[in-house]
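A.B. asks: Below are the sequence and a predicted model; questions follow.
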Amino acid sequence: MKVLIACESSGVVREAFRTMGHDAWSCDLLPADDGSKYHIQGDCLVEAYSGYWDMMIAHPPCTYLCSSGLHWNHRVVGRHMLTLHALEFVKKLMAAPIEKICIENPKGCISTHIRPADQYIQPYQFGEDASKSTGFWLKGMPWLKMTKYIFPRTASGKPRWANQTDSGQNRLPPSADRWKERSKTYQGIADAMGSQWSEFQMPEQYGLAL
């Protein structure tokens, strides 16, 4: 398949599909982190509407979409408009003329302003010692099947994974590229995408909605 990984500079999902033999390319306004030649630095909407791709997995920036930041829309002048612009971008990705599409994003306002996610997954369902509820908005795609469950530790009677403090906050310290590190797809999830979605069939839906 010809697979477009939109809004990705890390190359994690791109390489998961290339490993499976697909003609996969990442596309982002930023250059490829790994310097790969299979990266298009530019507007991913141009690619999405080119008519070339069989599948697209898109990771639209979640800064103005995710639930954890929406409270700032009532405190910072102009931020609400940025959320509206981000939602329009998501709508354009969803409407792209591509047979198989997955839009990936944390819990946020896509579900309330466009439509509910088809599936929610967690990294700890895919061999990663981490918690991050992530939604998939799917077109012509099956649910992603859990591959390996990682059990949490317990802190004050609540489950916590390695990326969380005992209070449930993310462990990553503040930094200029913190947003980039947090948005990077976990390898276990990328590998599951590459292997399960390589079959180009529509098996019975499965998975856990969290």
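C.D. replies: That came in fine, so what should we check first? Just so you know, these numbers come straight off a predicted model, no measurement behind them.

A.B. asks: At the geometric centre of this protein, which residue sits there?
C.D. replies: Nearest to the geometric centre of the chain sits residue 104, at 3.3 Å (Cα atoms, centre = their mean).

A.B. asks: before we move on, what SS does that one have?
C.D. replies: What DSSP: H, G, I helix; E, B strand; the rest coil gives for residue 104 is strand.

A.B. asks: The longest helix along the chain packs against which elements?
C.D. replies: When the chain is parsed with DSSP state H, its longest helix is helix 79-94. Counting contacts by 3 or more Cβ pairs under 8 Å, 6 or more residues apart in numbering; DSSP states H and E, helix 79-94 packs against helix 44-48, strand 100-106, helix 110-113. The way it works is simple: take the backbone N, C-alpha and C, and place the C-beta from them, glycine included.

A.B. asks: For residue 145, give its distance to residue 131.
C.D. replies: 19 Å (Cβ to Cβ, to the nearest Å).

A.B. asks: Can you give me the pLDDT of the residue of the chain positioned farthest from its centre?
C.D. replies: The C-alpha centroid of the chain is most remote from residue 156, which lies 30.2 Å away (Cα atoms, centre = their mean). Note on residue 156: pLDDT of 93.

A.B. asks: buried sites along stretch 124-144?
C.D. replies: Using 16 or more other Cβ atoms under 10 Å as the test for burial, stretch 124-144 gives 124-132, 134-139, 141-144.

A.B. asks: need the helix or strand of this protein with the lowest average pLDDT.
C.D. replies: helix 178-183 (a mean of 64; mean pLDDT, DSSP states H and E).

A.B. asks: coming back round to it: give me the angle between the longest helix of the chain and strand 100-106.
C.D. replies: Relative orientation of helix 79-94 and strand 100-106, computed by axes from the mean of the first three to the mean of the last three Cα atoms, to 10 degrees: 160 degrees.

A.B. asks: Distance from helix 79-94 to the middle of the chain?
C.D. replies: 16 Å (Cα atoms, centre = their mean, to the nearest Å).

A.B. asks: Now it: buried residues?
C.D. replies: For helix 79-94, by 16+ other Cβ under 10 Å, it's 83, 86, 87, 89, 90, 93, 94.

A.B. asks: Mind listing the residues bridging to the residue nearest to the last one when sequence neighbours are not counted?
C.D. replies: Ranked by Cβ to Cβ, 6 or more residues apart in numbering and with sequence neighbours excluded, the top spatial neighbour of residue 94 is residue 103, at 6.1 Å. The partner list for residue 103 in beta bridges (DSSP bridges) reads residue 58, residue 137.

A.B. asks: Can you get me a residue count around residue 103?
C.D. replies: For residue 103, the count of nearby residues is 25 (other Cβ atoms under 10 Å).
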